[in-house]
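Asks: 3D, please:
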Amino acid sequence: MIEELQKITDKELVLHCVNHDRRYQEILYRLHADDMYSVALIYCESEQDACDVLQESFIKVFKRLDTFKFECPLKAWIRKIIVNTALDHYRKRKREQENALNYMQAIEVEVDDIVPTLNANELLNMMKQLPLKAAMVLKLFAIEGYAHKEIADMLNITEGTSKSQLNRARLLLKTLIYEMNGTH
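Replies: Below you'll find the model as predicted:
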């Protein structure tokens, strides 16, 4: 197969793939999959995401191969599809995360009756369970009394990030208190 791979031109490969020749589709995949996986890894948060992007991209490659005009190398064309698919994947993930965050912020956990029953150690232990940045912002704001501008300067983040981290910390803390109380 290696000899065959060395002899085949991109035009021959594309022609056979467009004609749905599975053997040549496999050759095209084997020729480019490793390099394209490396490209996907650059844009993805995990190896699993990179695998998903690679698979989705090659489906697009085979569906669109009949539109390839040989104006650039085949590898460059495939790379462009990989990058665009990875960016689409990122945007979709970001939208999903934003929607989940908006949903979680919309759900207000009623903890006013529970907080007075907590002792300081229980509260501090819960704060230790929070993500580091969110916990830091919460402590600086609620315990030390700093304003968001000051926190932003101290942590080298934006004011908006400080506010969102505070909201995140509050929500997570409320959830922990709620779970500790055993009510849902």
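Asks: domains of the chain?
Replies: 2-100, 109-181 (automatic domain parsing).
Asks: mind listing the helices for this structure?
Replies: 2-7, 10-18, 22-43, 47-64, 74-106, 120-128, 132-138, 148-155, 159-181 (DSSP state H).
Asks: in the fourth one, which residues are buried?
Replies: Read that as helix 47-64. The neighbour-count check on helix 47-64 (16 or more other C-beta atoms under 10 Å) flags 49, 50, 52, 53, 54, 56, 57, 58, 61 as buried. Every C-beta, even on glycine, is put in place using the N, C-alpha and C of the backbone.
Asks: likewise for the longest one?
Replies: Within helix 74-106, the residues that count as buried by 16+ other C-beta under 10 Å are 74, 77, 78, 79, 81, 82, 83, 85, 86, 89.
Asks: please apply the same query to the third one.
Replies: When burial is assessed from 16+ other C-beta under 10 Å, helix 22-43 yields the following buried residues: 24-25, 27-29, 31-32, 36-37, 39-41, 43.
Asks: which residues are in contact with that helix?
Replies: 1, 4-5, 8, 13-14, 16-17, 47, 49-51, 53-54, 57-58, 61-62, 74-75, 78-79, 82-83, 85-87, 89-90 (C-beta atoms under 8 Å, 6 or more residues apart in numbering).
Asks: least confident of the domains of the chain, on average?
Replies: Mean pLDDT values for the domains of the chain show the minimum at domain 109-181, a mean of 80.
Asks: re the thing from before, distance to residue 131 added to the buried residues of helix 22-43, as CSV?
Replies: Formatted as CSV, these follow (distance: C-beta to C-beta, whole Å):
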residue, distance to residue 131
24, 49
25, 44
27, 46
28, 43
29, 40
31, 43
32, 38
36, 33
37, 30
39, 30
40, 27
41, 25
43, 24
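Asks: wait, residue 138 sits on residue 170?
Replies: Yes - counting by C-beta atoms under 8 Å, residue 138 touches residue 170, with 7.1 Å between them.
Asks: thinking again about what came up before, widest-spaced pair of the buried residues of helix 74-106?
Replies: Farthest-apart pair in the buried residues of helix 74-106 is 74 and 89; separation 22.4 Å (C-beta to C-beta).
Asks: quick check: residue 129 touching residue 177?
Replies: No - using C-beta under 8 Å, residue 129 makes no contact with residue 177, being 11.0 Å away.
Asks: more neighbours: which of those two?
Replies: residue 177 (18 against 10; other C-beta atoms under 10 Å).
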